[in-house]
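J.: give me the fold of what follows.
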Amino acid sequence: MQPVNCLPPEIIALCAAFVPRTDLRPIVSLAHVYQYWHGAITSSLGSWTSIDSARKELAPLCLECVGAALTANISVLDIQEEKVFIQTLLPHVPRISHLSLTGY
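T.: Residues are numbered from 1 along each chain as shown. From the prediction side, this is the model:
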């Protein structure tokens with residue numbers, strides 16, 4: 001039997017791709033299994049290209065892991081509540097290829 005830390009990085013990234021995009025916390029958990037897994041998962045762009053204000057606590061990690069175009073979804077119900085999230089995104093505006101703003 002082959003140890004799980006010997007799987008090709010493409011297979012590990014593919015496993016992370018099956019995690020629903022509504023919550024990246026399971027992907028972060030997978031990335032902490034082995035250092036090798038961390039590298040494989042964080043280097044796969046599909047896991048990190050979407051940043052959402054609903055999971056704003058993961059924005060710094062997403063911004064660190066992806067170097068390509070980003071998708072940002074911001075739900076502005078309370079501008080003061082989203083102020084820190086928006087300030088986190090501001091330096092990365094040139095990398096945002098799609099921006100969705102919702103609110104009232």
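
J.: show me where pLDDT drops low in the chain?
T.: 1-5, 20-24, 44-48, 66-68, 104 (pLDDT under 70).

J.: so Ser97 sits in a strand?
T.: Yes. Ser97 forms part of a strand when assessed by DSSP: H, G, I helix; E, B strand; the rest coil.

J.: who's in contact with Ser97?
T.: Ala69, Leu70, Thr71 (CB atoms under 8 Å, 6 or more residues apart in numbering). (C-beta placed from N, C-alpha, C; glycine too.)

J.: which one of the residues you listed sits closest to Pro91?
T.: Here the nearest of those to Pro91, counting by CB to CB, is Leu70; it sits at 11.9 Å.

J.: so the closest one makes contact with Ser50?
T.: Yes. The criterion here is CB atoms under 8 Å, and Leu70 meets it with Ser50 at 7.5 Å.

J.: which other residues reach stretch 62-74?
T.: With contacts defined as CB under 8 Å, 6+ apart, stretch 62-74 is touched by 24, 42-43, 45, 47-54, 82, 85-86, 88-89, 92, 95-102.

J.: quick one: the helices in this structure?
T.: Shown for the chain, the helices assigned by DSSP state H span residues 9-17, 25-31, 35-42, 59-65, 79-89.

J.: with just CA atoms, put the longest one into PDB.
T.: The C-alpha trace of helix 79-89 is given here as PDB (Å, rounded to 0.1, in the frame of the first residue of the first chain):
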ATOM      1  CA  ILE A  79     -20.800  48.900   4.800                       C
ATOM      2  CA  GLN A  80     -19.100  49.200   8.200                       C
ATOM      3  CA  GLU A  81     -19.100  45.400   8.500                       C
ATOM      4  CA  GLU A  82     -17.500  44.900   5.100                       C
ATOM      5  CA  LYS A  83     -15.100  47.800   5.400                       C
ATOM      6  CA  VAL A  84     -12.100  45.600   6.400                       C
ATOM      7  CA  PHE A  85     -12.900  43.100   3.700                       C
ATOM      8  CA  ILE A  86     -13.000  45.700   1.000                       C
ATOM      9  CA  GLN A  87      -9.800  47.300   2.300                       C
ATOM     10  CA  THR A  88      -8.200  43.800   2.100                       C
ATOM     11  CA  LEU A  89      -9.200  43.600  -1.600                       C
END
